[in-house]
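Q: this one's sequence-less:
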């Protein structure tokens, strides 16, 4: 199981072997929608890294310190989504007040992040794998950096695509999926890195 | 205005299919379409949640203040997702295990929130119920199409029953993650090529 591995392996597993986008199929909406230029996808990726790590730590704490002692585990879906939504909202207000530069860099992506399933998924998976607090932070870091990495790679591929001759019916979304498939194929190669 | 229109039911199945037309809610579609059985479980769960949330939201649409509607919708959806999550765990543990994290993740599925916002919050209960069933069936149809292609090519079976016989050499990549991306890419391309013809006429 994942919780018996050391931190480096947890990170690698979340980052490459089980890449949230290419192997687990999560957060595809933003992946296809936001990856049209490198700048936007970098901003989105970094915003996701930040929110995922903090939101997952909060949800972990809420689950283990609040829901488990009172035997309310069945409320986890409702609690997690509300935790994440309110955290994102809170974050947006703070960033806008304190750091306009940062707000311009990724503030506009924050509202979109609430419904980004990568964050909720990494909160759920951390609980499912029974990770402890430190492992959970490393895991969510791996998941979100994996997201950031994949979306930036993909955006740069899409840049090239603009000048490539693509069959008429494949232009736009279909060719994007085919390319994602090829990237996913490449990421399957990482499965050989270590046995889980 | 008529009390209900059948159009609301049929629209989601084909003309405005949430997957092929609106391109929403792709995550579970790709993730659990490696076998037909899981796809059917996901489709059923999806119809249940969409129907439940649409009906509830249509019922409370007049008492919910406009500026807090999104959190309210999310809580309603999360409630139904929790119900189906625990019912599946009790009645069909194997399917529940295969669906894994994708079942609770329905909470953030764009189709559910999209229908709540775009349709159920503005229409009466019967129309919203029809819309929920229609959109749910549209999703189920899409996931079944993808799952049958993937299972057929990847294992030579349909619903676990061998179709192509023992000598079939499985096209393994189809049941692995890349296969899902290839299949959806080709399906949308096929749909586009038909749509393009119509536009030309």
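A: Okay, I see it. Note that the coordinates shown come from a computational prediction; the quantities given were computed from them, not determined experimentally. Numbering: from 1, shown residues only, chains lettered A, B, ... in the order given.

Q: what's the helix or strand hosting residue B:29 packed up against?
A: Following DSSP states H and E, one finds residue B:29 within helix B:26-31. Packed against helix B:26-31 by the contact rule (3 or more C-beta pairs under 8 Å, 6 or more residues apart in numbering or on different chains; DSSP states H and E) you find helix A:28-34, helix B:125-155, helix B:177-200. The way it works is simple: take the backbone N, C-alpha and C, and place the C-beta from them, glycine included.

Q: so can I have JSON lines of those showing mean neighbour count and distance to residue A:166?
A: Shown next, in JSON lines, are these (neighbours: other C-beta atoms under 10 Å in any protein chain shown; distance: least, C-beta to C-beta, whole Å):
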{"stretch": "helix A:28-34", "mean neighbour count": "21", "distance to residue A:166": "16"}
{"stretch": "helix B:125-155", "mean neighbour count": "22", "distance to residue A:166": "22"}
{"stretch": "helix B:177-200", "mean neighbour count": "17", "distance to residue A:166": "10"}
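
Q: just checking, residue A:188 touches residue B:178?
A: Yes - counting by C-beta atoms under 8 Å, residue B:178 is a contact partner of residue A:188 at 6.8 Å.

Q: ok, residue A:156 - contacts?
A: residue A:38 (C-beta atoms under 8 Å, 6 or more residues apart in numbering or on different chains).

Q: picking up where we left off before, which one of the helices and strands packed on helix B:26-31 lies nearest to residue A:20?
A: Each of the helices and strands packed on helix B:26-31 was scored for nearness to residue A:20 using C-beta to C-beta, and the closest is helix A:28-34 (9.7 Å).

Q: Tell me the pLDDT of the residue lying farthest from the centre of chain B.
A: Distance from the C-alpha centroid of chain B, by C-alpha atoms, centre = their mean, peaks at residue B:167 (33.9 Å). pLDDT, residue B:167: 79.

Q: Where does it sit: helix, strand or coil?
A: coil (DSSP: H, G, I helix; E, B strand; the rest coil).

Q: Let me see the contact set for it.
A: Contacts of residue B:167 (C-beta under 8 Å, 6+ apart): none.

Q: Backbone dihedrals for it, both of them.
A: Dihedral pair for residue B:167: phi -80, psi -10, per degrees, to the nearest 10.

Q: now it: how far from residue B:156?
A: Residue B:167 sits 9 Å away from residue B:156, going by C-beta to C-beta, to the nearest Å.

Q: okay, and for chain B, where does confidence drop off?
A: Applying pLDDT under 70 to chain B flags the ranges B:1-4, B:22, B:195-201.

Q: List the contacts of residue B:178.
A: Contact analysis of residue B:178 by C-beta under 8 Å, 6+ apart lists A:181-182, A:184-185, A:188.

Q: which of those residues count as buried?
A: Buried positions within the contacts of residue B:178, assessed by neighbour count (16 or more other C-beta atoms under 10 Å in any protein chain shown), are A:181, A:184-185, A:188.

Q: near chain B too, which of those residues?
A: A:181, A:184-185, A:188 (C-beta under 8 Å from any C-beta of the partner chain).

Q: from those residues, which is closest to chain B?
A: residue A:181 (3.3 Å; C-beta to the nearest C-beta).

Q: For residue A:101, see how far away the residue most central in space within chain B is.
A: Nearest to the mean C-alpha position of chain B, by C-alpha atoms, centre = their mean, lies residue B:139 at 3.2 Å. As judged by C-beta to C-beta, residue B:139 and residue A:101 stand 42 Å apart.

Q: circling back: relative to residue A:109, which of the ones next to chain B among the buried ones among the contacts of residue B:178 is nearest.
A: Nearest member of these to residue A:109, counting by C-beta to C-beta, is residue A:184, at 23.9 Å.

Q: Return the residues in contact with the closest one.
A: Contacts of residue A:184 by C-beta under 8 Å, 6+ apart are A:22-23, B:177-178, B:181.

Q: among those residues, which two are most distant?
A: So, the contacts of residue A:184 by C-beta to C-beta: farthest apart are A:23 and B:181, at 10.9 Å.

Q: Least confident secondary structure element in chain A?
A: helix A:110-113 (a mean of 72; mean pLDDT, DSSP states H and E).

Q: Give me the distance from stretch B:40-47 to the chain's centre.
A: Relative to its chain's centre, stretch B:40-47 lies at 7 Å (C-alpha atoms, centre = their mean, to the nearest Å).

Q: any residue of it up close to chain A?
A: No - using C-beta under 8 Å from any C-beta, stretch B:40-47 stays clear of chain A, coming no nearer than 12.4 Å.

Q: Please apply the same query to stretch B:50-69.
A: No - contact of stretch B:50-69 with chain A (C-beta under 8 Å from any C-beta) is absent, the minimum separation being 11.5 Å.

Q: so how far does that stretch reach from one end to the other?
A: End-to-end distance for stretch B:50-69: 17 Å, by C-alpha to C-alpha, to the nearest Å.

Q: Now it: buried residues?
A: Across stretch B:50-69, burial judged by 16+ other C-beta under 10 Å covers B:50-58, B:61, B:64, B:69.
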